[in-house]
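Requesting a structural model of the entry that follows:
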Amino acid sequence: MNTPDADLLHLFESLTTEQKIDIARRLLQNKEIKSTTVISSDEDKAISFSQPYVFAFTSNFRVFSNLDISKNEFRVLTYILEYMEFGNLINLSQSSLCKALNIASGNMSNIFKKLRQKGILVEHHGHLYINSNIFAKGMSHQLDQKRKEQLSNARNLCAEIEQYPESYSAMSKSERRTLSLETETKEIYTDAFVF
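Got it, this is the predicted structure:
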């Protein structure tokens, strides 16, 4: 601290409380005073979770639930949700999923294809993500720039919807199994994030 500041500090300390209040009033005259009060107790604690979690966007989750998700597709999806990284990047191989869930590799390949068609899995520049308009791991304002980009890359509004013929309900099971369905790409999800 330089000498003039030390002298001022010494002078200020020698003032009475009334003199200090008078100086403060003159300094604050015609000025707006802003104040913040923080009330807390020793019992206040931050909320933390002991289990992995994701955010589900309800309107898109409802759309997703209407897409005829098979039991195995749902099993794969829930496993991926549990282990995906913040920013929705999937860092699991299909073979590791096959072992963990006891699903044959041919079936796993088909499950991934169906989840992509339904807009649940999103591929971007060789990386695979869970659609961040349905589920998100991590809040965008708390993520670093890399993970924010990953959430942005994981956004998808469209799905390939299978088009069933009008006579589908009258077909036998064997006819349904051999039926080749056409798909139509439709925008079915709404954008859940504002970046």
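
okay, and for this structure, where does confidence drop off?
Low-confidence segments of the chain, defined by pLDDT under 70: 1-3, 33, 35, 39-50, 138-144, 151, 192-195.

At which residues are the strands of it located?
55-56, 121-124, 127-130, 135-136, 158-163, 182-187 (DSSP state E).

Highest mean neighbour count out of the ones you listed?
strand 135-136 (a mean of 23; mean count of other CB atoms under 10 Å). For glycine as for every other residue, the C-beta is placed from the backbone atoms N, C-alpha and C.

In terms of secondary structure, what does that strand contact?
For strand 135-136, the packing partners by 3 or more CB pairs under 8 Å, 6 or more residues apart in numbering; DSSP states H and E come out as strand 55-56.

and the strand it packs on, what does it pack onto?
By 3+ CB pairs under 8 Å, 6+ apart, strand 55-56 packs against strand 135-136.

want to throw the strands of the chain into JSON lines with distance to residue 11?
Formatted as JSON lines, these follow (distance: least, CB to CB, whole Å):
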{"stretch": "strand 55-56", "distance to residue 11": "58"}
{"stretch": "strand 121-124", "distance to residue 11": "66"}
{"stretch": "strand 127-130", "distance to residue 11": "64"}
{"stretch": "strand 135-136", "distance to residue 11": "58"}
{"stretch": "strand 158-163", "distance to residue 11": "72"}
{"stretch": "strand 182-187", "distance to residue 11": "72"}
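
Ok, which of those comes nearest residue 73?
strand 121-124 (10.2 Å; CB to CB).

what's in contact with that closest one?
Contact with strand 121-124 is made by 90, 112, 115-116, 128-132, 153-156, as judged by CB atoms under 8 Å, 6 or more residues apart in numbering.

hmm, back to that, so for residue 104, which of the strands of the chain sits nearest?
When the strands of the chain are compared (using CB to CB), the closest one is strand 121-124, at 18.9 Å.

Might you calculate how far that closest one sits from the centre of the chain?
Chain-centre distance of strand 121-124: 15 Å, with CA atoms, centre = their mean, to the nearest Å.

next one: stretch 157-167
For stretch 157-167, the distance to the chain centre is 27 Å (CA atoms, centre = their mean).

From the opening residue of that stretch to its closing one, how far?
Using CA to CA, to the nearest Å, the span of stretch 157-167 from its first residue to its last is 30 Å.

hmm, who's touching it?
Residues contacting stretch 157-167 (CB under 8 Å, 6+ apart): 67, 117-120, 133, 179, 181-191.

ok, for the residue most central in space within the chain, nearest residue in space, not its chain neighbours?
In the chain, the residue lying closest to the centroid (CA atoms, centre = their mean) is residue 136, at 2.1 Å. Spatially, and ignoring its direct neighbours in sequence, residue 136 is nearest to residue 55 (4.6 Å; CB to CB, 6 or more residues apart in numbering).

Can you tell me how far the one you found is from residue 38?
28 Å (CB to CB, to the nearest Å).

What of residue 22?
29 Å.
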